[in-house]
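1. following is a predicted model, sequence given first.
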Amino acid sequence: MTHATTVWQANRSGDLTGAEALIETSLAAGVDVCFANPGTTEMPLVAALDSVPGTRAVLGLFEGVCTGAADGYARIAGRPAMTLLHLGPGFANGIANLHNARRAHSPVFNVIGDHASWHLVHDAPLTSDIVSLASPVSGWVGTAASGAGLAQLTARAIAAATAPPGCGATLIAPADFQQEVLTAPVDVELPDTRLRRDVAAEVIDPIAERLRAGERAVLLLGGAALDERGQRAAARIAAATGAVLYSETFPAAAERGGGLPDLDRLPYFPEKAVEALAKAQLVVLAGALEPVSYFGYEGIPSLLAPPGTVEVLSTPEEDGALALEVLADTLGAAEPAAQPRPDGEGLPDGALTPQSVGRIVSAMLPEHAIVSVEGGTCGYPFFTASSRAARHTALTNTGGAIGQGLPAAVGAAIAAPGRKVVALQSDGSAQYTIQSLWTMAREQLPVVTLIASNRAYNVLRTELGRHGQSRPGPGATALTSLDDPAFDWPALARGYGVPGTRVETGEALRRELGRALAADGPQLIEMAL
């Protein structure tokens, strides 16, 4: 599909630099937040953020914080933030979280400063092939060839990023074109809307017919189908047909709680996922891709649904929520009774376990919180328990690259300043982008970071067992342990300007979490398991 566009002129006031025209154009296209870790070749753009007011510039101490924050921002705001990164090596530091953003279909607008165009031929030490680095994590890559081109390509990049289902778009900005003074207005085409395609009746009717015939069905929801409308429609279908509901294993964003259906994630381990889908005669994909095993294991199929059972109701480019509503209407499915909310009584005391953490956190969530979940230790128990929590939005690590949770919490907090954000982390993954704490402190973001501290890479120990190493030797044990020396999370948090504490029991977690949720600014709680 194509976007409706409007012609707009950058540099109407005259004598802007290329960098200023870029910022002016990004603002006109609705991009007003920039997560930046700039260097020498981006100084004209840094100056332009002052001379063209309106963009909130947020400094990240590591490029992976910037790209992960832009991903989290896009998932909550539904529109791009800009990242400002330094040459190829700086961009490379942010690629892991751009991989996650690509898998989440997040619209992200990357601007990478490059050497002056006339300097590239000399192969200076920081020269690199930025296009080759950017292409695997970008749906669109462009290199400006003039100052005017910076404005025109900015509009094209943002249009590409926001075209359904959303993608990363990367603009390479040579330093000399950033500095070039534009003496005439520049015509650019700005996208007006981000529209998803409707699903045709010829797709919906055959699926409805099979459901009416009583085929055992699983509805797997992903992407836009995991909003409130999509889930309520899916619950109607399930109540009318007996279909089983799952979300994709790592949804980019899912509405949870507040009377929405008890929609659990498809299990991560392939044996469990195969078991969950084994009896299905029909697996309907609504905004989700066909489920695939995260890794390949001998004797276990890579494609997890039974052969011949998968039907696509809607693709990520299409309006999955509307498709589910039309399917529910076609079936004449009524609205089921709402799930009752727990009263918070009887929460667990004593030593913390992943299950007790999940119950306590879900019971104490404030209305409309955002929970950035990374790490399996407490993430899965929380997600299961959270179906009866207050209404909230859950973000998960869609691409699987570690270090996403804390930066995504930063971006989410900036995208929705009126909402409390909880970052539910494991101790190993949190260390990948721990610099996020400094940005939280500097921006005084309302993020409560909960560290599940078991001082081990437990998922790797599980994988050792799956490879026949149930009793790992000293080398394997050392490579999966985080206790020599152990992290002092409260001290690390305080070093970045975030108040931190440690708890070991359910009573202490309830007390400290209540205090942290009531506080202004960021807080960190280490949960010893």
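-> Received, thanks.

2. my guess is L85 is in a strand, correct?
-> Yes - secondary structure of L85 (DSSP: H, G, I helix; E, B strand; the rest coil): part of a strand.

3. what's around it, how many residues?
-> L85 has 29 neighbouring residues, counting by other CB atoms under 10 Å. In short, each C-beta sits where N, CA and C put it, glycine included.

4. check A478 too.
-> Neighbourhood size, A478 [other CB under 10 Å]: 10.

5. now it: phi and psi?
-> Dihedral angles of A478 (phi, psi; degrees, to the nearest 10) stand at phi -60, psi -40.

6. from the chain's centroid, how far away is stretch 243-256?
-> The chain centroid and the centroid of stretch 243-256 are separated by 14 Å under CA atoms, centre = their mean, to the nearest Å.

7. show the average pLDDT along that stretch.
-> For stretch 243-256, the mean pLDDT works out to 97.

8. check contacts around A254.
-> Contact analysis of A254 by CB atoms under 8 Å, 6 or more residues apart in numbering lists 226, 247, 263, 393-394, 396.

9. now those residues in a markdown table, with distance to T449 and secondary structure?
-> Compiled in a markdown table, these are given as follows (distance: CB to CB, whole Å; DSSP: H, G, I helix; E, B strand; the rest coil):
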| residue | distance to T449 | secondary structure |
| --- | --- | --- |
| L226 | 24 | helix |
| S247 | 24 | strand |
| L263 | 26 | coil |
| T393 | 17 | strand |
| A394 | 16 | strand |
| T396 | 16 | coil |
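
10. rank those by pLDDT and give me only the lowest.
-> pLDDT across those is at its lowest for L263, which sits at 90.

11. make sure that residue is actually in contact with V244.
-> No - counting by CB atoms under 8 Å, L263 sits too far from V244 to count as a contact (10.1 Å).

12. higher neighbour count, those two?
-> L263 (22 against 17).

13. list the contacts of the more buried one.
-> 221, 226, 231, 234, 245-247, 254, 256, 387.

14. which single one of the residues you listed is nearest to G142?
-> L226 (31.6 Å; CB to CB).

15. do I have it right that the closest one meets F250?
-> No - here L226 does not reach F250: they are 11.6 Å apart, not a contact under CB under 8 Å.

16. can you list the low-confidence ranges for the chain?
-> Under the criterion pLDDT under 70, the flagged ranges of the chain are 1-5, 193-195, 338-345.

17. could you give the number of residues near D129?
-> Close neighbours of D129, defined as other CB under 10 Å, add up to 9.

18. quick one, phi psi at it?
-> When read as degrees, to the nearest 10, the backbone of D129 gives phi -90, psi 90.

19. alpha carbons of the helix or strand where H99 lies, as PDB, please.
-> According to DSSP states H and E, H99 maps onto helix 95-103. This file holds the C-alpha atoms of helix 95-103, laid out as PDB (Å, rounded to 0.1, in the frame of the first residue of the first chain):
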ATOM      1  CA  ILE A  95      22.700  -3.300  16.300                       C
ATOM      2  CA  ALA A  96      21.600  -5.900  18.800                       C
ATOM      3  CA  ASN A  97      18.600  -3.800  20.000                       C
ATOM      4  CA  LEU A  98      17.900  -2.800  16.400                       C
ATOM      5  CA  HIS A  99      17.600  -6.500  15.700                       C
ATOM      6  CA  ASN A 100      15.000  -6.700  18.400                       C
ATOM      7  CA  ALA A 101      13.200  -3.600  17.000                       C
ATOM      8  CA  ARG A 102      13.200  -5.300  13.500                       C
ATOM      9  CA  ARG A 103      11.500  -8.400  14.900                       C
END
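
20. what packs against that helix?
-> With contacts taken as 3 or more CB pairs under 8 Å, 6 or more residues apart in numbering; DSSP states H and E, helix 95-103 sits against helix 63-77, strand 108-114, strand 168-174.

21. quick one, what contacts the residue lying farthest from the centre of the chain?
-> Most distant from the centre of the chain: T183, at 40.5 Å, with distances by CA atoms, centre = their mean. Applying CB under 8 Å, 6+ apart to T183 gives the contacts 14-15.

22. how near is it to A151?
-> 13 Å (CB to CB, to the nearest Å).

23. picking up where we left off before, so which of the contacts of L263 are in helices?
-> In this view, these that belong to helices under DSSP state H are 231, 234.

24. can you say which of the contacts of L263 are buried?
-> 221, 226, 231, 234, 245-247, 254, 256, 387 (16 or more other CB atoms under 10 Å).

25. tell me the one among the residues you listed nearest to A29.
-> Closest to A29 out of the buried ones among the contacts of L263 is L226 (26.5 Å), distances taken as CB to CB.

26. so what's that closest one up against?
-> When contacts are counted by CB under 8 Å, 6+ apart, L226 touches 247, 251, 253-255, 263, 287.

27. give me the common contacts of L226 and F250.
-> Joint contacts of L226 and F250 (CB under 8 Å, 6+ apart) do not exist.

28. hang on, G222 packs against P316?
-> Yes - the criterion here is CB under 8 Å, and G222 meets it with P316 at 7.1 Å.

29. tell me which of the two has more neighbours.
-> A direct count of neighbours by other CB under 10 Å for G222 and P316 places G222 higher, at 28 against 20.

30. who touches the nearest residue to that one once chain neighbours are set aside in this structure?
-> Leaving out its chain neighbours, the residue that sits closest to G222 by CB to CB, 6 or more residues apart in numbering is A288, at 3.0 Å. Shown in contact with A288 (CB under 8 Å, 6+ apart): 220-223, 225, 247-248.

31. looking at the residues you listed, which is nearest G296?
-> Out of these, the member with the shortest distance to G296 (by CB to CB) is E248, at 19.0 Å.

32. my read: that closest one touches L221, true?
-> Yes - checked against CB under 8 Å, the pair E248 and L221 is within contact range at 7.0 Å.
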